[in-house]
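Engineer: Provided below are the primary sequence and the corresponding predicted coordinates.
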Amino acid sequence: MKSGIFAALLLVAMSASGAFAQGAPIKLADVAELSGGGATVGNNWKNGIDLAIEEINAKGGLLGRKLEVTHADSQSNPGVARAQVQKALDNEPYVLLGPGYSGSVKVTSPLAAEAGITQIMGGEAAELTQGGNKFLFRTSFGQQSSMPKVAKYVNDELKAKSVAIVWVNNDFGKGGRDVMTKEFAKYNIKVAADISTEAGQADFAADVSKIKAAAPDAVFIYLNEEESARILKELKRQAIAVPLVGETTLVGQKVVELAGDAANGARGHVGLTTDAPVDLVKAFREKFVKKYNYVPDHNGLKGYLAIYMVKATTEKMGKVDAKKFADTLHGLTIKAASEPGILMDVTFDEKGDIDRQGFLVEIVEGKQVVKQVLPKLN
Amino acid sequence: MSNLLDLLVAGLATGAIYALVAVGFTLLWQTSQTINFAQGEFVMLPAFLMLALMHAGAPFWLAIILGILLSLLLLGLGFKLLLVDPMLRHGVLPLAIATMALAIGMKEAVKQFFSAEASPFPSIVPAGDISILGRVVSLQSLGVLALAIAVVIGLTALLNRTSIGHQMQATAQNPTVARIIGVPVERMILLTFLINAFLVALASLLITPIYLAKFSSGEVLGQAAFIAAIVGGFNQVRGAIAGGLLIGVVDNLAAAYVSTQYRAAVPLVLLIVIILFRPQGLLGRPEERTV
Amino acid sequence: MTVKGKYLRIALGIVVIGALIIVPMNFNRYGLYILSQWAVMTIAAMGLNLTLGYAGQVSLAQGAFVGIGAYAAAIMTTQGMPLIAALSVAVVLCFAIGWILGYPALRVQHHYLAFVTLAFSTLAFLVFRNEDWLTKGIYGISNIPRPNVMGFATNRPLPFYYFCLGSLGIVSLAMWWLIRSPWGRAFIALRENPVRALSLGIDTRRYTLMAFAIGSALGGVAGTLYAPLTQYIDPVPFNLSLSLDLLMMVIVGGSGFFFGPFLGAMIAVLLPEWLRFTQGYYLMLYAVAVMLLLIYSPTGILGILDRYLAARRTKAASALRAVTKSKLETAS
């Protein structure tokens, strides 16, 4: 009888201590473009987040606590993004994830900073990290660090004297085009044609014929994946033979899949790609495809990395402390050797910008081939 | 000059796509005063039905047949019975708004149950290019153009040569009188919905290899087709075709010679000018009854 | 019956207004933001309701007018000018553009205003996006200040909500007065029977144009509130889909009913928020709900109420008739 009571007490104590060890779940809040014009971006980002959280929780969570995330849809509209971020912040999350559109980041980052909550986002516009916000972090290169590499390549390797720039007229494309135009000016490269296109555009005949008329030494293409595929087809049809240069969205696997052999010869700088010649990235890609049945674009990688940034930073602090999070992440270097989820070594500077390895790739016979590895700066 | 010809050819190819989608608009409008704001989504959906069937293991040809049948069932019969019939008596606007909601619902459903990603779609026309008079033209574009022409010929023949066609025209012109002279008005209206469903399924089959299968691809198409229908004349099949081709060409010429940033504006300015000087549309008749 | 009904309505109004003032006091910032958004959208929808519900014309550019108002507010207040100045500019601009757009379109009557406004809506978006020197293009305008109203700062969510609610109140009163004025009665006469209105000597074209221009100006008013609400604007929210959303609000609420826009904006702004617990399905459910509502009552939410009241009135009237009849019979 006595032993029975003792056993019961022991059981209670054990379960209590078990609960203590596990603790309450750590709440993360994600606000992303799950519908509207940015739905592809937002859903990749969301899937990347979910995959990383599933992995971490399967291995016992973060410091013994489970991760929990809420996803909210910004409808790709800054006004809605603001409401959803406000809602997320009212629930005091550990870290805020997203959004991906630069405009939505601009409208929400002051709110997160005011609440003292760290925001890890997917936006690439140069100006986002230049306003002195101490709580905002990127998951990928900002355009101010990726574009100079492309410009350098166009100047040093291609020795082009004039280029045509084709860009998609949204905040992503315009931002890239503006940085790129400045970079080309530094090298005295002439912009022979400056062509704006629409998101969702299907017919690039007029744009390509303008390129043809301008007869540049190279074409810089900064569009989303689907439009990249369409313009590549049209460039091939109108037999334009000059080098085609771009960024992640021109030389991704998705573009190859959609454009077929028209993608051959396209080249560019890639910060994050599932085709990187890195074993951890390949493993990530396999896991992602197994779970979601498609190959993610760089936004899937960004979402995945965001969660591992949370993990590495928290483990560095040794506790879950939302107040100290941003301070800890500034200046932090995360090594893939100790945290495989981060995939590649990465360092965060004081502004929240990242430093990481990059690649110059070319599409050869439907495959991304890495021509050159651009090392991490420090 | 050669540049101009290239632009014309490319414009016609894109215009043929708008035209195919616009034809359905005008058909529904003529017989039942339905403004279908989900027309672009109607073109988006059949491709996904076919993709889903192929994922389930059906060969391409079977997926096409079943996809078209499903479209007839869902976008023809279902649309007519579930949404149009209950609202038809209450004027144009509530139904137009309901089709807007339908468009949102269809996009979201495809995104949720299929994917937010764009998928490639197999082409029934070989993907190559051929050279006509020194111009390189893609076979897919020619296929769309050929279908658009076939649709006009076919529909015109149906409407003008057959007794069903005459009954449909009577229904479009004056349903009350048509009913009195013994035309099965209800059945005729249903028939136009089925024809529309068949056309969007065909359009989907031809357009998707070019546009890619994506939940949001109907937005651009629907709006362009809507404008094409107005420009050409809301109440004429051949008007819709002419409007579509014109919009395609004007859009391309505008991008080349005016401004790529304002290319979308030029067809709209054209629209306003046409409304000012020829409100019934290029090939339309003046409206015979008020809305 | 009517006196009792009148008191009942006044009491209901006071309760609703009181609730709108008192209940949000302990709302969190998110709740206040959504309610402010509702107030702003209601103003825009009231403008469209004047055009559509009272004057019977379809405008597909209300979202563009909201955009014009928002850009006027954003550009001027970030330059240090007061919001009230931006408001006057927005109202004058939207009224004038409405007049210029409507003038040729109404020459040909019917749905041509819809077509012209459809074109205008896209043109306005392109101007917002392409004219960098004025609107900062696709980058948008950030750090839009919230106004000081009679010495009170409205930076915090609650004061700003009261500012929006107060604006809604003023617009509602003005609209109430307008509809009861001879102008308003002329608008309704137009909708009910344009031919008869014409024969009664109403200059139909002029009044229709007036209704459209005033409605557009209200879109501008909503815009001048929208900019300080979000404190950041870019061109994307003001594309055609906002115009279509506003049209949906008017129809779903009940076009031609004074309170229609209030309910319609509630459905369009609040219903998706309530449905968010269903995660990825919320917009789908929202779409289905709108379709079902319109199938059940094509005249909108207030259409249901109207039908119910009409049925009751007929019943009451026939009861009254029966009583009078029996009285008459006993008298004789």
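Structural biologist: Arrived safely.

Engineer: State the number of residues packed around residue 190.
Structural biologist: Went with chain A since none was named. Burial of A:K190, expressed as a neighbour count using other C-beta atoms under 10 Å in any protein chain shown, amounts to 14. Where C-beta positions appear, they are placed from N, C-alpha and C, glycine not excepted.

Engineer: Correction: the question concerned chain C.
Structural biologist: Other residues lying near C:L190 total 22 when counted by other C-beta under 10 Å.

Engineer: before we move on, what about A:Y153?
Structural biologist: Residue neighbour count, defined by other C-beta under 10 Å, stands at 21 for A:Y153.

Engineer: what does A:D90 give?
Structural biologist: The tally of other residues near A:D90 (other C-beta under 10 Å) stands at 16.

Engineer: helix/strand/coil for B:A116?
Structural biologist: Three-state assignment for B:A116 (DSSP: H, G, I helix; E, B strand; the rest coil): coil.

Engineer: these two touch, right, it and B:F215?
Structural biologist: Yes. Using C-beta atoms under 8 Å, B:A116 and B:F215 qualify as a contacting pair, with a distance of 6.6 Å.

Engineer: Now the common contact residues for the two.
Structural biologist: Common contacts of B:A116 and B:F215, defined by C-beta atoms under 8 Å, 6 or more residues apart in numbering or on different chains, comprise A:A39.

Engineer: Which residue ranges of the chain form helices?
Structural biologist: With no chain named, the answer covers chain A. For chain A, the helices defined by DSSP state H cover A:2-22, A:39-58, A:78-90, A:102-115, A:143-156, A:171-186, A:205-214, A:225-237, A:248-251, A:253-259, A:279-292, A:298-317, A:322-329.

Engineer: The intended chain is chain B.
Structural biologist: Read by DSSP H, chain B holds these helices, from start to end of the chain: B:2-32, B:39-55, B:60-71, B:85-87, B:92-113, B:139-161, B:163-173, B:175-180, B:185-211, B:217-232, B:237-257, B:265-277.

Engineer: Pull out the buried positions in the third one.
Structural biologist: Yep, that's helix B:60-71 we're talking about. Buried residues in helix B:60-71, counting neighbours by 16 or more other C-beta atoms under 10 Å in any protein chain shown, are found at B:63-64, B:66-68, B:70-71.

Engineer: name the helices or strands packed onto it?
Structural biologist: helix B:39-55, helix B:185-211 (3 or more C-beta pairs under 8 Å, 6 or more residues apart in numbering or on different chains; DSSP states H and E).

Engineer: Could you save those helices as TSV and add columns showing distance to C:G69, mean neighbour count and mean pLDDT?
Structural biologist: Written out in TSV, the entries for those read as follows (distance: least, C-beta to C-beta, whole Å; neighbours: other C-beta atoms under 10 Å in any protein chain shown; pLDDT from 0 to 100):
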stretch	distance to C:G69	mean neighbour count	mean pLDDT
helix B:39-55	29	24	96
helix B:185-211	35	23	91
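
Engineer: who's in contact with C:Y232?
Structural biologist: Counting by C-beta under 8 Å, 6+ apart, C:Y232 touches A:78, A:82, A:103, A:106-107, C:140-144.

Engineer: related to what we said a few turns ago, of the helices of chain B, which is nearest B:L77?
Structural biologist: When the helices of chain B are compared by C-beta to C-beta, helix B:185-211 sits nearest B:L77, at 7.1 Å.

Engineer: How many neighbouring residues does the residue in the stretch 151-291 of chain B that chain A sits nearest to have?
Structural biologist: Scanning the stretch 151-291 of chain B for the residue nearest chain A gives B:A255, at 3.6 Å (criterion: C-beta to the nearest C-beta). Burial of B:A255 is recorded as 29 neighbouring residues (other C-beta under 10 Å).

Engineer: what do you get for A:L332?
Structural biologist: The burial count for A:L332: 15, using other C-beta under 10 Å.

Engineer: And the nearest residue to it once chain neighbours are set aside, what's its pLDDT?
Structural biologist: The shortest distance from A:L332 to any non-neighbouring residue, by C-beta to C-beta, 6 or more residues apart in numbering or on different chains, is to A:F348 (5.4 Å). What the model reports as pLDDT for A:F348 is 95.

Engineer: so A:F348 sits right up against A:L136, yeah?
Structural biologist: No. The pair formed by A:F348 and A:L136 falls short of the contact definition of C-beta under 8 Å, at 10.9 Å.

Engineer: out of the two, which sits in the busier spot?
Structural biologist: A count of neighbours by other C-beta under 10 Å puts A:L136 above the other of A:F348 and A:L136, at 25 against 22.

Engineer: Tell me who's in contact with that one.
Structural biologist: Neighbouring residues of A:L136 by C-beta under 8 Å, 6+ apart: A:105, A:109, A:112-113, A:118-119, A:121, A:128-129, A:352.

Engineer: how close does it sit to chain C?
Structural biologist: 14 Å (C-beta to the nearest C-beta, to the nearest Å).

Engineer: can you check B:F113 too?
Structural biologist: B:F113 is 10 Å from chain C, where distance means C-beta to the nearest C-beta.

Engineer: domains of chain A?
Structural biologist: Per the record, chain A has its domains at A:20-141+A:277-356, A:144-270, by automatic domain parsing.

Engineer: Turn those domains into a markdown table, including distance to C:P235.
Structural biologist: Output for the domains of chain A, formatted as a markdown table (distance: least, C-beta to C-beta, whole Å):
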| stretch | distance to C:P235 |
| --- | --- |
| domain A:20-141+A:277-356 | 10 |
| domain A:144-270 | 10 |
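
Engineer: Any part of the helix or strand of chain C with the lowest mean pLDDT near chain B?
Structural biologist: When the helices and strands of chain C are compared on mean pLDDT, DSSP states H and E, helix C:194-199 comes out lowest with a mean of 78. No. Using C-beta under 8 Å from any C-beta of the partner chain, helix C:194-199 never reaches chain B; the gap is at least 9.6 Å.

Engineer: helices and strands around that helix, which ones?
Structural biologist: Partner elements for helix C:194-199 (3+ C-beta pairs under 8 Å, 6+ apart): helix C:182-192, helix C:204-230.

Engineer: Can you tell me which of those helices is nearest to chain B?
Structural biologist: Using C-beta to the nearest C-beta and comparing the helices and strands packed on helix C:194-199, the one that lies nearest chain B is helix C:182-192, at 12.1 Å.

Engineer: which residues are in contact with that closest one?
Structural biologist: Helix C:182-192 has contacts (C-beta under 8 Å, 6+ apart) with C:50, C:53-56, C:178-179, C:196-197, C:200, C:202, C:204, C:207-208, C:210-211, C:256.

Engineer: Local confidence estimate at the nearest residue to A:T274 once chain neighbours are set aside?
Structural biologist: Setting aside the residues directly before and after it, A:T274 is nearest to A:R285 in space (C-beta to C-beta, 6+ apart), at 4.3 Å. A:R285 is assigned a predicted lDDT (pLDDT) of 94.

Engineer: separation between A:R285 and B:V9?
Structural biologist: The spacing between A:R285 and B:V9, counted by C-beta to C-beta, to the nearest Å, is 41 Å.

Engineer: Next: A:D156.
Structural biologist: According to C-beta to C-beta, A:D156 and B:V9 sit 39 Å apart.

Engineer: out of those two, which sits in the more crowded spot?
Structural biologist: Set side by side, A:D156 and B:V9 show more neighbours around B:V9, with 21 against 9, by other C-beta under 10 Å.
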